[in-house]
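> For reference, the sequence and a predicted model appear below.
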Amino acid sequence: MNIRDLFRYSLKQLKAKKLETFLIVFAVSLCVLVLNTILSPTYQIPYTSKQNTDGYQVQVGPFFQTLANEVMNKTGLPLMRFYEAKDPNKYKLTLPLLEDIYKSVPGIDFYMSQGIASNPLRGYQLPAYFVTSNYSTEGVLAFTHLSPEAFTGLGFKLKTGSLYTKDDFLKNRTFLVLGSELAERLFPNENPVGKTIEVGNPRTPLFTVLGVIEPYQALDEHHNIKKHINQIAASSYTNVSSLDNKVTYNVVTFYPKKPTLEVFSKISSYLQRHYQGLYSVSATEAYIQDFNKEYQRSYIALSVIAGFLLVIACINIVNLLFIRIAKQHRAIGLNLALGATKRSIFYQYCFTSSLQGLTGSLLGILLLWLISLTKISQSFNIVFTGKNVLLGLGAGLLMSAAFGIYPAIVASQTSPAEALKSE
Amino acid sequence: MALFLKLFSFIKKNPVRSFLTLLQLALGVAIAILVINLSFNLQKIESQGLSQYSSDFGVFNIQRSTESVHSLISSSTRPIEQPSLAGLVADDPSIKTITSLASTDRVITANGRSYVTIAYRGDHRLLDVIPLKMLHGSYISKDDEGKYVAVISETYAKLLFGKTDVIGQNIQTQKYTPPSVSFTGIQRVKTEFSIIGVFKDLSYLERKTLGKIHFIHTNEADAASTILTPTLYVRSTNDRLPEVHTLLNQKAQVIYGNTTTVNQKDLVLYKNSSLQGLGSLKQTLTLIAIAAIIVSSIGILSIMISSVFEKTHEIGIKRALGATKQVIFSDILKETAYLTLIGSLIGVILAKLVSPLVYREMTISIRVLQDFRALDFHMIPLAFFFTVLAALLLGTIFGIYPAKLAAEIPPAEALRE
């Protein structure tokens, strides 16, 4: 039996019981309508990364810190299970590790940490309970730990003097290049290059000024370091953890040469291979994708319930199909005796149920389209897109076909002899 | 009664068909009940409102300007204990009670379980401002303020300790560093608090407007933490809240600098936006409930029509033997009604069994419901009653057509089949 015959046969069957068919079709269409209404908001992507360049930064940090905090803030969940790091010593992001990643993963321009550390300048003593804005600018030296690559990568240039070397950076030497305003403040009317600055207590080493940074125009910069570079300094030095005197970072951002997500996956797989997933890697884009998925998930929960409605409609199809098969018991037996294969009987009934589902879906899509033209669509946020059509067709057709399989199998299993004997 | 027995025999004769019919009905009714119940619950929560927080209650946030390096530097320097803003203004005649709650992200560990959450540092005056209902133990008193004590919410008590007694147990907190400001290494200083009380969870709206307050402790969580800018909760005297606002602005600038402003949190805005989310959910739920009942009714209708066609011969015999049209009509109608009734009852049982699981799944996956727990959704008898009544009504109404159809069959034709 070819498709055309099947189609004609099913149509004849359905036309015989016009009212029932209409009811089923209407029921299926209603379900499809509801399903589409519920899922409509998910067709629009709610979140996109606001700053396009940032979307491709890759932050690497110990598992619990980045992941839990970001997830908590973004999803607003009040609680989250938190996994204590098993070996705190293993989880420190140290300089050798970062250099290893930087050298091994191609496509990384530079890496840096966002922190701005500060040290009180020696000689400034203030009473404990007194804070004014003067203290903030005069009594403190703020600096950020930047490698030479990061310095040039961020777009900074030197006005006078020179930059510290990579070796200085790796050896944590106390060299500085001052921002233009900072240089003015600390060394008015003199050349700061070569001068030393005393910070903190006498045991803290002296900082040597190697150069002055060209004034940086930070228009609309959200990046803290770029915004404030004129008032702070860049240094090859950073405060070290007192326990083992190693330089450690909390979170580090890797900036790719080209803004693609490839670097993200490369870093991720490199860490996976060499550090057995001890670290978490996150990119804003990935977060946004996750967040969008999370947002869509909430609608899927509701649509599962609506899916049950479709199940109810399909149960109806099955029921009526069983009744029809029972009625046509003798006719089926006759067909089988006359040479029809079991398979063709199976296809006949399967096709009948599928046709009902298909018609129902089409009606549902039509209704959806009509509704999307009226005002109600705004309150329900209905948008008629290709996805609606696909979903409607898919759901209705597949469900009815699937549910129709069992009755069709039962029908095809009738023994012709027994059927012909019965009434 | 005889009809009931007849129905029973019908079920025995066609087990598959009657099973499917009843399943259809039961599913439809169950879905409708679950969804209507949820709607009713959300309605109740909405109507609770914020009556206790009227014009004498205010929430103030201190906003320090982030446009200058000052804010970056001062937030990462060694903490300097600043005079408390609340302390400075407490004696003003326009203020009845003022308290501050400083919140930070903390990792709390108790009973072997850990969570990332918001910890609030509070004092004994909080109870006068936000009326927390203490379920066990007592709230932080003035004497407790030197010690390291904490009160937790009912939900947290259950989550962390399960059924064991909570008062007297210890909770440890650890600083949780957001990955932006300083990179001075992972700080592992832990502070331990003793739990002295458990309070009833804030209502949904309270949590949305005031904050998700689940854990309140005294003292700083650890000595090396940065300066916290607290949120101030104020009860003013005689609706003098605007005066309080001006006063706070003045004093804040003295302590934190000229670029500081004190903003009043617009509670109405928060309340409205959270209610809007609930409102749209209710809309969707209503749609599903209506669709469920309609689809089930259509199902019953089609089944009854085909069963009428099946019984044509039987009806013909009955008519020939003297049954009137009315008798046939009422027979079929009663059959439909009984079927609907049995199906509805099965649906009710199904709904009751399945509801905790379904609600739990919904609170996990649906964003708007994520602040609820499955336990928050009680089964409201009215929802059951309403749904079953609607199902019966619709079932009966939809039963009229097949019944009419059956009554109209000419007996002679029927016997001929």
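Okay, I see it.
> Going by C-alpha atoms from here, please, whenever you check contacts or count neighbours.
Fine.
> Which residue, neighbours along the chain excluded, lies closest to whichever residue of the stretch 251-400 of chain B sits closest to chain A?
Chain A sits closest to B:Ile366 of the stretch 251-400 of chain B, with a gap of 3.9 Å, by C-alpha to the nearest C-alpha. Nearest residue to B:Ile366 in three dimensions, chain neighbours excluded: A:Ser298, at 3.9 Å (C-alpha to C-alpha, 6 or more residues apart in numbering or on different chains).
> and the one you found, what pLDDT?
A:Ser298 carries a pLDDT value of 72.
> same deal with the one 3 residues further on?
Reading off the per-residue confidence, A:Ala301 sits at a pLDDT of 78.
> Could you count how many residues lie near it?
Residues within reach of A:Ala301, counting by other C-alpha atoms under 10 Å in any protein chain shown, total 20.
> swap in B:Asp165?
As a burial measure, B:Asp165 scores 11 neighbours (other C-alpha under 10 Å).
> That one: what secondary structure?
coil (DSSP: H, G, I helix; E, B strand; the rest coil).
> go on, B:Thr191?
On the basis of three-state DSSP, B:Thr191 is classed as strand.
> surely it meets B:Ala150?
No: using C-alpha atoms under 8 Å, B:Thr191 is not in contact with B:Ala150, being 11.5 Å away.
> thinking the residue of the stretch 251-400 of chain B closest to chain A is in contact with A:Ser303, fair?
No: the pair B:Ile366 and A:Ser303 does not pass the contact test of C-alpha under 8 Å, sitting 10.9 Å apart.
> Backbone dihedrals for A:Gly194, both of them.
Here the main-chain torsion angles of A:Gly194 (degrees, to the nearest 10) amount to phi 90, psi -10.
> got a list of what it touches?
A:Thr208, A:Val209, A:Leu210 (C-alpha atoms under 8 Å, 6 or more residues apart in numbering or on different chains).
> how about a cut-off of 6 Å?
Shown in contact with A:Gly194 (C-alpha atoms under 6 Å, 6 or more residues apart in numbering or on different chains): A:Val209, A:Leu210.
> Repeat that for A:Asp168.
Taking C-alpha under 6 Å, 6+ apart as the definition, A:Asp168 has no contacts.
> those strands in chain A, which residues are they?
A:58-62, A:80-81, A:93-94, A:108-112, A:117-120, A:140-145, A:158-161, A:175-178, A:196-197, A:207-213, A:233-235, A:248-249, A:252-256, A:279-283 (DSSP state E).
> quick one: which helix or strand includes B:Ile115?
Just so we're on the same page, residue B:115 is Tyr rather than Ile. Here B:Tyr115 sits within strand B:113-121, counting by DSSP states H and E.
> can that strand be found next to chain A?
Yes: shown here: strand B:113-121 in contact with chain A (C-alpha under 6 Å from any C-alpha of the partner chain) through B:Ser114, B:Tyr115, B:Val116, B:Thr117.
> so which strand or helix has B:Leu22?
With DSSP H and E as criterion, B:Leu22 is part of helix B:15-48.
> Could you give me the buried positions within that helix?
Residues B:17-18, B:20-42, B:45-46 are the ones in helix B:15-48 that count as buried (16 or more other C-alpha atoms under 10 Å in any protein chain shown).
> what subset of these is also close to chain A?
B:Arg17, B:Gln24.
> and the helix or strand hosting B:Ile397, average pLDDT?
Using DSSP H and E, B:Ile397 sits within helix B:381-408. The pLDDT scores in helix B:381-408 average 87.
> got the angle between it and helix B:15-48?
Between helix B:381-408 and helix B:15-48, the angle comes out at 140 degrees (axes from the mean of the first three to the mean of the last three C-alpha atoms, to 10 degrees).
> what about B:Asp371, which SS state?
From three-state DSSP, the assignment for B:Asp371 is coil.
> Enumerate every residue touching A:Ala401.
Residues in contact with A:Ala401 (C-alpha under 6 Å, 6+ apart) are A:Ser354.
> State the distance from it to B:Ser194.
62 Å (C-alpha to C-alpha, to the nearest Å).
> so what's A:Leu367 closest to, chain neighbours aside?
A:Leu33 (7.2 Å).
> just B:Val29 next, same as before
That would be B:Gly347: by C-alpha to C-alpha, 6+ apart, it lies 5.2 Å from B:Val29.
> got a list of what the closest residue to chain B within chain A touches?
Here the residue of chain A nearest chain B is A:Ser298; by C-alpha to the nearest C-alpha that distance is 3.9 Å. Residues near A:Ser298 by C-alpha under 6 Å, 6+ apart: B:Ser365, B:Ile366, B:Arg367.
> Could you rerun that using 10 Å?
Residues in contact with A:Ser298 (C-alpha atoms under 10 Å, 6 or more residues apart in numbering or on different chains) are A:Leu39, A:Thr42, B:Met362, B:Thr363, B:Ile364, B:Ser365, B:Ile366, B:Arg367, B:Val368, B:Leu369, B:Gln370.
> For those residues, pick the one with the most neighbours.
A:Leu39 (24 neighbours).
> Could you check how far A:Phe264 is from B:Val388?
Distance from A:Phe264 to B:Val388, by C-alpha to C-alpha: 55 Å.
> ditto for B:Leu23
From B:Leu23 over to B:Val388 (counting by C-alpha to C-alpha), the distance is 15 Å.
> Over to A:Leu93?
In terms of C-alpha to C-alpha, A:Leu93 sits 62 Å off from B:Val388.
> tally of neighbours for B:Ile108?
Neighbourhood size, B:Ile108 [other C-alpha under 10 Å]: 24.
> related to what we said a few turns ago, name the residue in B:Thr191 and B:Ala150 with the higher neighbour count.
A count of neighbours by other C-alpha under 10 Å puts B:Ala150 above the other of B:Thr191 and B:Ala150, at 28 against 17.
> all strands of chain B, in order?
B:57-63, B:95-110, B:113-121, B:134-137, B:149-153, B:170-175, B:190-199, B:215-217, B:231-236, B:261-264.
> Now stretch A:357-367: average pLDDT?
88.
> Check the offset of it from the chain's centre.
Distance of stretch A:357-367 from its chain centroid, counting by C-alpha atoms, centre = their mean, to the nearest Å, is 33 Å.
> Dump the C-alpha coordinates for it into CSV.
The C-alpha coordinates for stretch A:357-367 follow below in CSV (Å, rounded to 0.1, in the frame of the first residue of the first chain):
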residue,chain,number,x,y,z
GLY,A,357,-2.9,14.2,15.0
LEU,A,358,-1.6,16.1,12.0
THR,A,359,-4.9,17.7,11.3
GLY,A,360,-5.2,18.7,14.9
SER,A,361,-1.7,20.2,14.9
LEU,A,362,-2.4,22.2,11.7
LEU,A,363,-5.6,23.5,13.2
GLY,A,364,-3.8,24.4,16.4
ILE,A,365,-1.1,26.3,14.4
LEU,A,366,-3.8,28.1,12.5
LEU,A,367,-5.6,29.2,15.7
